[in-house]
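Colleague: next come a sequence and a model predicted from it.
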Amino acid sequence: MARHFLTLLDLTPDELNYLIDRAITIKKGLKAGEIYEPLKNKVLGMIFEKSSTRTRVSFEAGMTQFGGSAIFLSPRDTQLGRGEPVEDSARVLSEMVDAVMIRTFDHATIERFAEYSSVPVINALTDDYHPCQLLADVQTFVEQRGSIKGKTVAWVGDGNNMCHSYINAARQFDFHLNIACPEGFDPAAELMEANKDRITLVRSPEEAVKGAHLVVTDVWASMGHEEEQAEREKAFDGYQISPALMNTAADDALFMHCLPAHRGEEISEDMLDDERSVVWQEAGNRLHAQKALLEFLILGRIEN
C-alpha cells in the first residue's frame with residue numbers, strides 16, 4: 001500500500017529524522033559530483049493549482065538528478081480543472097506515474113486524491129499545511145546547529161499553513177514552539193489544543209523571540225489573501241523581524257523564511273542579509289529534502 005506525505009504526522013519521528021539525515025547525505029554526494037540515479041525511468045506527476053517557483057524547480061530538478069522525470073500539470077492541463085472528480089483523476093494518474101505531487105488550495109482535495117491513489121501522494125502546499133518546507137527547515141537547522149530536539153523555536157506572524165506545519169514539527173521533532181500572532185490570526189484551535197504541551201501562544205513578538213534558537217516568519221498575506229493586504233498590514237504592525245529583535249533571541253539563533261519575502265513588511269530591509277539568516281540555504285534544501293522524501297516513498301529506506 002502506498003505511503004503518502006500530506007502532513008508531517010504521516011511519518012513517524014524516526015522516519016522523519018531518517019529523512020533529514022538522508023537529505024544531508026544526498027546533498028553531500030551531489031556537491032561532490034556523484035551521479036546517483038535511484039529513480040531512473042520513474043515519473044513524478046506534478047499538479048499545480050497554486051503557482052510556485054521553489055516547489056516546481058526543486059521537485060523537477062530532483063527527479064532529473066535522480067535519473068527520472070517530472071510532468072508539470074497546471075489547471076489548464078488537467079481534467080481536474082474542468083470538473084473531473086478528484087477520485088477519478090487519482091485512479092487514472094496512478095496507472096501512469098510513480099508518485100504525484102499536488103500544490104492546491106483545499107486540504108480536503110489532496111486527502112481525497114490520496115485516498116484513491118495507488119501511488120504515493122505528496123503535499124507540496126495546501127491552505128492548511130506545507131510539510132515539505134518543514135523538512136528543508138529542519139535539515140537547515142541540523143546542518144547549522146545539530147539536533148533541533150529540545151530547542152525553542154519562535155513563529156512570528158500569521159497562524160497559517162506554515163505555522164500549522166511548525167506545530168506538527170514541534171510534536172514530531174520534539175521542540176517547543178512559541179507563536180506570536182495578532183488576535184484574529186491564531187492557528188487552528190483544534191491543532192493548538194492537540195499540541196498544547198508543545199506550544200505557547202503570545203501576542204508579543206518580543207516575548208516569543210526571547211531566548212529562541214530559531215526565529216521563523218512568513219508573509220502577512222499568504223496566497224489567496226492578497227485582497228486583505230491593507231487590513232493585514234494594520235493588524236501585523238509591530239510584528240516585523242529585524243536584527244534588533246533577533247538580538248533578544250539566543251546568541252546562536254538562526255532566522256528562516258520560506259520565501260518569497262516582502263522586505264519592509266514582515267522583515268526589515270536588511271534582515272535577509274543578516275549573518276543569522278540562513279534563508280538561501282533553507283531554500284536550496286527544498287531540493288535535497290524532497291529528493292530524500294521521493295526516494296523514501298518510492299523505494300523505502302536506504303542504508304547510508
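Modeller: Arrived safely.
Colleague: contacts and neighbour counts: CA atoms only from here.
Modeller: Will do.
Colleague: tell me where this protein has strands.
Modeller: With DSSP state E as the criterion, the chain has strands at 43-48, 69-73, 99-103, 121-123, 152-156, 176-180, 199-202, 214-217, 254-257.
Colleague: roughly how far out does stretch 114-128 sit from the chain middle?
Modeller: With C-alpha atoms, centre = their mean, to the nearest Å as the basis, stretch 114-128 stands 14 Å off its chain's centre.
Colleague: and stretch 158-174, by the same measure?
Modeller: With C-alpha atoms, centre = their mean, you get 10 Å for stretch 158-174.
Colleague: if we look at that stretch, which residues are touching it?
Modeller: 7-9, 12-13, 16-17, 125-131, 134, 148-150, 155, 175-177, 181-182, 185-188, 191-192, 195, 198-199, 218-220, 222 (C-alpha atoms under 8 Å, 6 or more residues apart in numbering).
Colleague: where does pLDDT dip in the stretch 201-304 of the chain?
Modeller: Along the stretch 201-304 of the chain, the model assigns pLDDT under 70 to residues 223-226, 304.
Colleague: against residue 72, how distant is residue 28?
Modeller: 28 Å (C-alpha to C-alpha, to the nearest Å).
Colleague: please apply the same query to residue 48.
Modeller: The gap separating residue 48 from residue 72 is 7 Å, by C-alpha to C-alpha.
Colleague: if you count what's nearby, which of these two comes out ahead?
Modeller: A side-by-side neighbour count of residue 48 and residue 72, using other C-alpha atoms under 10 Å, places residue 48 first with 23 against 13.
Colleague: tell me what the more buried one is bridged to.
Modeller: residue 103 (DSSP bridges).
Colleague: and it, what pLDDT?
Modeller: pLDDT for residue 48: 93.
Colleague: can you pull the contacts of it?
Modeller: Contacts for residue 48 (C-alpha under 8 Å, 6+ apart) come out as 72-75, 102-104.
Colleague: how's the chain carved up into domains?
Modeller: When the chain is parsed with the TED database, its domains come out as 4-130+286-299, 133-283.
Colleague: before we move on, back to that, now, which of the contacts of stretch 158-174 lie within helices?
Modeller: 13, 16-17, 131, 134, 191-192 (DSSP state H).
Colleague: so which of the contacts of residue 48 wins on neighbours?
Modeller: residue 103 (24 neighbours).
Colleague: and the ones in helices among the contacts of stretch 158-174, which is closest to residue 297?
Modeller: Nearest to residue 297, judged by C-alpha to C-alpha, of the ones in helices among the contacts of stretch 158-174 is residue 16 at 11.9 Å.
Colleague: who touches the closest one in this structure?
Modeller: Going by C-alpha under 8 Å, 6+ apart, residue 16 touches 8, 172-173.
Colleague: what residues does the longest helix along the chain touch?
Modeller: Scanning the chain for the longest helix, with DSSP H as the assignment, gives helix 279-299. Where contact means C-alpha under 8 Å, 6+ apart, the residues beyond helix 279-299 that reach it are 2-4, 19-20, 22-24, 26-27, 38-39, 54-55, 58-59, 61-63, 66, 98-99, 120, 132-133, 135-137, 139-140, 255-259, 272, 301-302.
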